[in-house]
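Novice: Build me a model:
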Amino acid sequence: MATMMSAAQNLAPLDIALMEQPEVVRQKAEAGDAVAQLAYAIVLDQGLHDTPSDHAGAMKWRARALQQRRMTPITQYTAAFNGQPSRVNIINMPIPVVSLGQVQALSACIERLQTGEALQNACGDEADAGRRARQWRLASSS
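Specialist: Model (predicted):
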């Protein structure tokens, strides 16, 4: 069962891409951090912080982030049947660390940041959208 992510959680990779140095993000991505992998894909795709634009590299990092899974335990109760006692089983279900929906939310915010149109909702509430717009201008012009 998927849970709804807040705007802050959905846009966390963008915040990392805008605020951290590309080398630090790359190191975290190489260490297997899915959120950092998505953040590094943004850095490469957009050429943030004077990083040369590399769309092919960005696609590879985005794909790696989307492949990451974590295990979530699910409890299953089996009632007594045919004289057998009831029992409880723990089943570990793999769920994505980064979802396609999160990637789409990031793309919508980045598109709005590029055009400067209607940042609210796509990039968080008024305060968060304004902060992201300021950080975007700094990261994309450096």
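Novice: other SSEs contacting the helix or strand hosting Ala127?
Specialist: Using DSSP states H and E, Ala127 falls within helix 126-141. Judged by 3 or more Cβ pairs under 8 Å, 6 or more residues apart in numbering; DSSP states H and E, helix 126-141 is in contact with helix 12-19, helix 100-115. Using the backbone N, CA and C atoms, a C-beta is placed for each residue, glycine as well.
Novice: Report the buried residues of the last one.
Specialist: By neighbour count with 16 or more other Cβ atoms under 10 Å, helix 100-115 contains the buried residues Gln102, Val103, Ala105, Leu106, Cys109, Ile110, Arg112, Leu113.
Novice: The fifth one: what's it in contact with?
Specialist: Right, the one you point to is Cys109. Leu11, Leu14, Leu119, Ala122, Cys123, Gly124, Arg132 (Cβ atoms under 8 Å, 6 or more residues apart in numbering).
Novice: Tell me the pLDDT of the residue sitting furthest away from the middle of the chain.
Specialist: Taking Cα atoms, centre = their mean, the residue of the chain most remote from its mean C-alpha position is Gly83, at 48.5 Å. Listed pLDDT for Gly83 reads 87.
Novice: for it, phi and psi?
Specialist: The phi/psi pair for Gly83 (degrees, to the nearest 10) reads phi 80, psi 0.
Novice: What of Pro73?
Specialist: phi -70, psi 140.
Novice: Can you report how many residues neighbour it?
Specialist: Using other Cβ atoms under 10 Å, Pro73 is surrounded by 8 other residues.
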